[in-house]
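Student: Could you look at this predicted model? Sequence included:
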Amino acid sequence: MLRAFLMHNPAYRIELFLDYVQRLDPAAIAAVHPIWPRRSGGSLWLRKIG
């Protein structure tokens, strides 16, 4: 549902997608936030730009 909302919707921009950041570089996240790897899920921050 979120994907459908964001597709071709220029009024919103993803600011931070924590699941993506975790998958991109889990060692970097663990270095600054040791409890993070034991948690699942994440959050998605959106900004309305239009």
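Tutor: The structure has been received and is ready for your questions.
Student: C-alpha only now, for contacts and for neighbours.
Tutor: OK.
Student: what residue is smack in the middle of this structure?
Tutor: Compute the mean C-alpha point of the chain, and by CA atoms, centre = their mean the closest residue is F17, 0.8 Å away.
Student: Contact partners for that one?
Tutor: With contact taken as CA atoms under 8 Å, 6 or more residues apart in numbering, F17 is in contact with 42-45.
Student: where's the residue nearest to L18 when sequence neighbours are not counted, which helix or strand?
Tutor: With sequence-adjacent residues excluded and distances taken as CA to CA, 6 or more residues apart in numbering, L18 is closest to G42, at 5.1 Å. G42 is part of no helix or strand when elements are defined by DSSP states H and E.
Student: Count the neighbours of G42 for me.
Tutor: 14 (other CA atoms under 10 Å).
Student: Run through the residues that contact it.
Tutor: Applying CA under 8 Å, 6+ apart, the residues near G42 are 17-19.
Student: same deal with P10?
Tutor: Contacts for P10 (CA under 8 Å, 6+ apart) come out as 49-50.
Student: where are the low-confidence patches of the chain?
Tutor: 37-41 (pLDDT under 70).
Student: how about M7, phi and psi?
Tutor: Dihedral angles of M7 (phi, psi; degrees, to the nearest 10) stand at phi -60, psi 130.
Student: List buried residues within the contacts of F17.
Tutor: For the contacts of F17, a neighbour count by 16 or more other CA atoms under 10 Å gives an empty buried set.
Student: re earlier: mark which of the contacts of G42 are part of strands, please.
Tutor: F17 (DSSP state E).
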